[in-house]
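Novice: Generate a structure from the sequence data that follows.
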Amino acid sequence: MPPKMYSNNIDTHFLFIANIKSGGKNKVSKAEQLRLQKEEEERRLKEEEEAQIQAQQEEAARLEKERIEQELMKKLEAKDQERRESELAELHSLEQKFLSAQQWKRDYRAYAKWEHYLSCDGNPDPTVLQEINTFMSLWRDDQNEDIQLVMKKGEQVLNLIEKLQFLLLDTPPNEITEKETFQYQESILELQNLLHQKYNGATDHLLKSGNMLEDADSGNMQAVIKDKNVTLCIWANLKKKVRFKNHMFYDAKHGFDLSKSLAVNSVAVRILHTHYDHVSPLWLQCQSVPKLEVLDSQELTQHSKDNVEEPEEEKKKAKEELNLPAEGETCSDRRKSAISFKENGDRPAGVNETTEEEIRRKSETLDIPSQVQDPLLQEETNEKEEMNEKEETNGKEETITDENIVDLQQFVPVGGVYHIDVLRLPPQVKQINDWSMVELLDVGLEAYPYPPEEAEDAAQPLIKITLGLSDSVMYFEDPVIARWDPAGQQWRTDGISNITYETQERSVTFAMSAFYTVALLQDAHLNMPYQAWELRPTGVDEAILVVAAVFATIRIHIKGNQCMLSSVVVEKKNVLSHITGKWISPVDLRAVLKKAGVNIFPGEYSHKYVSVSQKAPLAEVRAYQQMALVASAFAFAWSKWNLEAGQEQVVFKVSEHLKADSVSDNDWSLYLFNGQKAQKLKITETSEAFSEELEEDSEFHSTLLHMLKDFASQEAIDKVETANFLFIDVVYQLLLATRVLTYS
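Specialist: Residues are numbered from 1 along each chain as shown. The predicted structure is shown next:
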């Protein structure tokens, strides 16, 4: 107890002393505070003065640095201007390979026409009106309606249609007249109509002998007849059983349900699946490369010195030459992409060689890089076109306001067309002794009215349809089911309900208020924008283009004047093996991939449906051209900084690549190009921010070609100069078709 009291006394003592000191300090704090305030103010003023001096020094250093950089830039730009004429002349000389490719294809078309004339194989030349009209007239008069013969003849008709569509896409505008274009389009439509009429006649012929094809179990007629182009499923109600509900064509995985009113009538149901689309508007089947192409066989560089213009003058010239098409134009009015037929780069036998003098003379009237579009003017032109379209046609405006009408700029039919019909059962063949007798009617194949006209106000049972989907088509999302409206010439989604899509079974079930021609439509842009892309050489006049899209990775092998779909990988699995491994032209490759549901080819108005940073055609198109010119020795790839570079310029990765293996990450360098000036960037793909700062010890160049030459080996330069013109042309077509610099 005493120690505790002692401790408390000590604490109290020290507390008393502390209070005395504190009171004393408070008495002198005012003077002390004034002194401290004065010292603090002096220190603050001194710090401000030092900060101001430091800021002035930093500003002076910055200005000096900017002055030095500006002087350096002026020197580099002056140096670039001094050699600009010679560099453009050298580029122009290399660009003659585009002309050589055009001339080669022109010669080959003439050669192929002559070869066809000499062959006398009985096939008409679809470009000769008299021959194609005679062919159609003879088949129209042919009364043989055997389904197998119709299918065989149909394959010939489809080949003729493909040739005409190919010519409309392949032939440059200056080599095809408006009259020829109209003729080819009319021939396509007439061939399509004739082919469908023949399938109707063959269906009528089958139904007349329906009792000869009677199913032993049900007593009704059923048949599935198919080839690579068509699947015909037909069922005839011979027994008219009121309890009949549905039927499944197991060979085709198609099926239907019938209402009681149809089950007791003499009707037949046909599901005609054409693996092609002859229903949609013709322009949809003939969509060419977007109107960005600069290669025009009537306008090429007047001379290398004419190319030496100031950037503003070139932009002004581009504006004056700009000519965009209206959305409603047919495929023939759009810019055509170029391709070649031959499997090797040799000129066809019997075709005259194009001399250097001819190329030089033609180059005086053909300007590859000049006819490009200024983005501001392009946007303004598109707006004017849209306003004009609304004024000229109410149909376009209806497409926007009526949600049931399918926008064919956004959605496209995939997997063909299904003609689903209920038909009147014609009189059946009767066997009397050795005689087969049938009543002949002049009406031909007749549709059975459903719902009945007298029951329009009454609710009629819906027709349930099941369609098995082909393994040759990819549906990355649930497809849109639409019916064809013949009156409005459009696909509509009303009248179709209760849609069930079975992914594992690859089938779709839906209900219809009537019997329609239907199609499964898919968003044309669901694989855009691409995740990444790469173009790299793999050998002499060989390269690989890899496009990593949203749902699939597509590898395209380029060799000589053709390309081959190497693989389509979806979820680490190779798919669509039926279209891989075949050497075809770039135009055919686009058609094959689109038909299979894998679209990596933007349309003219795709920017309305895909969130992308549009690039100025001046930069984009010239980049594709010069990338193609050096693709035999340099690899190119996607860069994330391309999105940060703005509309006027593009950024991509480049690496000299003379081997067939893949490119190492350390081998890539970043380059910036605006169509008139190229530079190597200091930043890398892993840098924190985008910067246009030049790589140390590098310069500006007027062309990408010469920019790469600064860091290229002599072997690479030699390989560029000796690259085959057809290989260069195919690379350019694929780059222009995929537009990897905008849609990635």
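
Novice: what's the domain layout of the protein?
Specialist: Annotated domains of the chain cover 129-202, 210-284+404-428+444-450+460-523, 530-738 [the TED database].

Novice: pull the longest helix from the chain.
Specialist: Determined from DSSP state H, the single longest helix within the chain is helix 2-119.

Novice: what's the residue closest to the geometric middle of the protein?
Specialist: In the chain, the residue lying closest to the centroid (Cα atoms, centre = their mean) is F601, at 1.2 Å.

Novice: In contact with that one, which residues?
Specialist: Neighbour list for F601: V289, R590, L593, K594, A737, T738 [criterion: Cβ atoms under 8 Å, 6 or more residues apart in numbering]. The C-beta positions use only the backbone N, C-alpha and C, and glycine is treated the same way.

Novice: Widest-spaced pair of these?
Specialist: The largest distance within the contacts of F601, taken as Cβ to Cβ, falls between V289 and L593 and amounts to 13.9 Å.

Novice: Next, the buried residues of the strand or helix carrying L194.
Specialist: Using DSSP states H and E, L194 sits in helix 178-208. Buried residues in helix 178-208, defined by neighbour count with 16 or more other Cβ atoms under 10 Å: 180-181, 183-185, 187-188, 191-192, 194-196, 198-208.

Novice: Check stretch 688-704 too.
Specialist: In stretch 688-704, counting by 16+ other Cβ under 10 Å, buried: F690, L694, E695, S698, E699, F700, H701, S702, T703, L704.

Novice: now stretch 496-504
Specialist: I496, Y501.

Novice: returning to what we had before: correct me if wrong, but the residue nearest to the centre of the chain is in a helix.
Specialist: No. Secondary structure of F601 (DSSP: H, G, I helix; E, B strand; the rest coil): coil, not part of a helix.

Novice: Off-centre distance for stretch 118-138?
Specialist: Here stretch 118-138 is found 34 Å from its chain centre; the criterion is Cα atoms, centre = their mean, to the nearest Å.

Novice: swap that for stretch 695-703, sorry
Specialist: Counting by Cα atoms, centre = their mean, stretch 695-703 comes out at 34 Å from the chain centroid.

Novice: K719: what's it in contact with?
Specialist: S632, A633, L658.

Novice: cutoff 6 Å now
Specialist: S632, A633 (Cβ atoms under 6 Å, 6 or more residues apart in numbering).

Novice: Surely it is within a helix?
Specialist: Yes. Assessed with three-state DSSP, K719 lies in a helix.

Novice: State the distance from it to V654.
Specialist: As judged by Cβ to Cβ, to the nearest Å, K719 and V654 stand 15 Å apart.

Novice: now Q130
Specialist: Taking Cβ to Cβ, one finds Q130 at 54 Å from V654.

Novice: Below-threshold pLDDT in the stretch 1-150 of the chain: ranges please.
Specialist: 1-28 (pLDDT under 70).

Novice: Please apply the same query to the stretch 251-400 of the chain.
Specialist: Scanning the stretch 251-400 of the chain residue by residue, the ranges that satisfy pLDDT under 70 are 290-400.

Novice: now for the helix or strand that contains G255, which elements pack on it?
Specialist: Per DSSP H and E, G255 falls inside strand 254-257. Here strand 254-257 touches strand 463-468, going by 3 or more Cβ pairs under 6 Å, 6 or more residues apart in numbering; DSSP states H and E.

Novice: so how far is the next helix-or-strand element following the strand it packs on off the chain centroid?
Specialist: For strand 463-468, the succeeding helix or strand toward the C-terminus, using DSSP H and E, is strand 480-485. Distance of strand 480-485 from the chain centroid (Cα atoms, centre = their mean) equals 23 Å.

Novice: can you tell me the average pLDDT over strand 480-485?
Specialist: Confidence for strand 480-485, expressed as mean pLDDT, is 96.

Novice: got the angle between that strand and strand 463-468?
Specialist: 120 degrees (axes from the mean of the first three to the mean of the last three Cα atoms, to 10 degrees).

Novice: Name the strands paired with strand 480-485 and say parallel or antiparallel.
Specialist: strand 490-492 (antiparallel), strand 517-523 (antiparallel) (DSSP bridges).

Novice: picking that back up, packing partners for the helix or strand following the longest helix of the chain?
Specialist: As assigned by DSSP H and E, the chain's next helix or strand after helix 2-119 is helix 129-141. Packing partners of helix 129-141 (3+ Cβ pairs under 6 Å, 6+ apart): helix 178-208.

Novice: quick one: average pLDDT of the helix it packs on?
Specialist: 94.

Novice: to the chain's geometric centre, what's the distance from it?
Specialist: On Cα atoms, centre = their mean, the centre of helix 178-208 falls 29 Å from that of its chain.

Novice: just the angle between the next helix or strand after it and helix 178-208, please?
Specialist: Following helix 178-208 in sequence order, the next helix or strand is strand 221-226 (DSSP H and E). With the same axes, to 10 degrees applied, the angle from strand 221-226 to helix 178-208 works out at 150 degrees.

Novice: Buried residues of strand 221-226, list them for me.
Specialist: M221, Q222, A223, V224, I225.

Novice: now, the most widely separated pair of these?
Specialist: M221 and I225 (12.5 Å).

Novice: nearest residue to K208 other than its sequence neighbours?
Specialist: Closest residue to K208 apart from its sequence neighbours, by Cβ to Cβ, 6 or more residues apart in numbering: P426 at 5.1 Å.

Novice: thought the one you found was touching L206?
Specialist: No. Taking Cβ atoms under 6 Å as the definition, P426 is not a contact partner of L206, at 9.9 Å.

Novice: Take the contacts of F601 and keep only those in strands.
Specialist: Judged by DSSP state E, the contacts of F601 include no members of strands.

Novice: Alright, I will stop here.
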